[in-house]
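Chemist: Give me the fold of what follows.
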Amino acid sequence: DPPPPDIYTNAESSAASDVYKRQALLRPGRFDRKVILDRPDVNAREAILRVHSKGKPLAAGIKLGDLAKLTPGFVGADLENLVNEAAILAARRDQSEIGQEEFQDAMERIVAGPERQGQIISEQEREVVAYHEAGHAVVMHHLEHADPVHKVSIVSRGMALGYTMPLPENDKYLRTKAAFEEEIVGLLGGRAAEEEVFKQVTTGASNDLERATELARAMVTRYGFSEGLGMRTFGQVQGNPYLGNLGETPNYSEEMAQSIDREIRQIIDGAYQRARTIVQKRREKLEQLATTLLDVETVDRSHFETLMA
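Modeler: Sure thing, here's the model as predicted:
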């Protein structure tokens, strides 16, 4: 059924009309059975990897089960890309088999983007990046509910000058309030290290701040994790999450909106103070990791845990 005339008159009229039509297809009596395809769990990822690696020469030590554990959140297309990228890297390196290093490099290419070779940054900026990433890693390592740090690097990939890669031990379907809070603390560890070491901050934490704000807002408006505002949700999503949303319609007053903003700021400010405290207490480890990064550029999990011991 077409939408009623003269309802959509703003710039979003085309998108709104499309969602209206798609919702009409799911009205009772039309398509009554809906199939939702979720992201594959670790067992499904292993099975998908087995399909895509069939006929490809894998090194003797490669275990697809271990690769599946290192790829939480990957869908089938990501896993296919992982195997193909690893095979291409092995061919470029004149290797007859695909080894662990190729799979690792391929995974980082998918997650963080391709390595930007030839990019030249000043020694001062390189030092800031090293302390920034060391701040993330050291803070995450000293949080009870944070995922283990898998790799820390100051090699530029995609739009990032460096990256810290935490990976969960297992698939997670439920998250606690403490896990949300500590993820925000970890995200702010880089900025805390910059302020502690250089007594000033840079734009390097812009993406960290964006992600921290999104998490804090979700805690307050979606999951009822705000002690001040209680167990309720705020905002009504327009459209169907499986067909495309049109945004969120506030179902609260302007006064409540200000309270939400205060709660979000309180969560972020508290997380930043925790990050600063860890950086100050573990300053020696921070210096040690940053110096190592400036020397070797990339620190894997085993090396990192040795440094933190």
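Chemist: CA only for contacts and neighbour counts going forward, please
Modeler: Will do.
Chemist: now stretch 300-309, how far from the centre of its chain.
Modeler: 22 Å (CA atoms, centre = their mean, to the nearest Å).
Chemist: what comes up buried for it?
Modeler: 304, 308 (16 or more other CA atoms under 10 Å).
Chemist: what's next to it, contact-wise?
Modeler: By CA atoms under 8 Å, 6 or more residues apart in numbering, the list of residues contacting stretch 300-309 from outside reads 138, 149-152, 285, 288-289.
Chemist: Kindly format the C-alpha coordinates of it as CSV.
Modeler: C-alpha atoms of stretch 300-309 as CSV (Å, rounded to 0.1, in the frame of the first residue of the first chain):
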residue,chain,number,x,y,z
ASP,A,300,52.0,-9.1,21.0
ARG,A,301,50.1,-10.7,23.9
SER,A,302,52.8,-12.9,25.3
HIS,A,303,55.4,-10.0,25.2
PHE,A,304,52.9,-7.6,26.7
GLU,A,305,52.0,-9.9,29.6
THR,A,306,55.7,-10.4,30.2
LEU,A,307,56.2,-6.7,30.5
MET,A,308,53.2,-6.3,32.8
ALA,A,309,54.3,-9.2,35.1
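Chemist: follow-up on the earlier one: among the contacts of stretch 300-309, which ones are buried?
Modeler: Members of these classed as buried by 16+ other CA under 10 Å are 138, 149-152, 285, 289.
Chemist: So which of the residues you listed is the closest to P40?
Modeler: Nearest to P40 out of those is H150 (CA to CA; 21.3 Å).
Chemist: Quick check on that closest one: phi, psi?
Modeler: phi -90, psi -40 (degrees, to the nearest 10).
Chemist: how about the helices of the stretch 51-200 of the chain, start to end?
Modeler: Per DSSP state H, counting those that start in this stretch, the stretch 51-200 of the chain carries helices over the ranges 64-69, 76-92, 100-112, 123-141, 177-187, 189-198.
Chemist: same question, the stretch 201-309 of the chain
Modeler: Using DSSP H, counting those that start in this stretch, helices in the stretch 201-309 of the chain cover 206-221, 254-281, 283-296, 301-308.
Chemist: got JSON lines for those helices, with mean pLDDT and distance to N84 too?
Modeler: Converted to JSON lines, the helices of the stretch 201-309 of the chain look like this (pLDDT from 0 to 100; distance: least, CA to CA, whole Å):
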{"stretch": "helix 206-221", "mean pLDDT": "95", "distance to N84": "29"}
{"stretch": "helix 254-281", "mean pLDDT": "96", "distance to N84": "39"}
{"stretch": "helix 283-296", "mean pLDDT": "97", "distance to N84": "28"}
{"stretch": "helix 301-308", "mean pLDDT": "95", "distance to N84": "25"}
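Chemist: Ok, which of those helices comes nearest E127?
Modeler: Across those, closest to E127 is helix 283-296 (CA to CA), at 7.0 Å.
Chemist: for the closest one, packing partners?
Modeler: Applying 3 or more CA pairs under 8 Å, 6 or more residues apart in numbering; DSSP states H and E, one finds that helix 283-296 makes contact with helix 123-141, helix 301-308.
Chemist: at 10 Å what do you get?
Modeler: helix 123-141, strand 149-153, helix 189-198, helix 254-281, strand 298-300, helix 301-308 (3 or more CA pairs under 10 Å, 6 or more residues apart in numbering; DSSP states H and E).
Chemist: can you list those in CSV and add distance to Q236?
Modeler: Converted to CSV, the helices and strands packed on helix 283-296 look like this (distance: least, CA to CA, whole Å):
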stretch, distance to Q236
helix 123-141, 34
strand 149-153, 36
helix 189-198, 33
helix 254-281, 14
strand 298-300, 43
helix 301-308, 42
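Chemist: right, so of these, which gets closest to A212?
Modeler: Of the helices and strands packed on helix 283-296, nearest to A212 by CA to CA is helix 254-281, at 7.2 Å.
Chemist: angle of the closest one against helix 206-221?
Modeler: 130 degrees (axes from the mean of the first three to the mean of the last three CA atoms, to 10 degrees).
Chemist: centre of the chain versus helix 254-281, how much separation?
Modeler: Centre to centre, stretch against its chain (CA atoms, centre = their mean), the figure for helix 254-281 is 20 Å.
Chemist: in it, what's buried?
Modeler: 260, 263-264, 267-268, 271-272, 274-279.
Chemist: relative orientation of it and helix 283-296 in degrees?
Modeler: 80 degrees.
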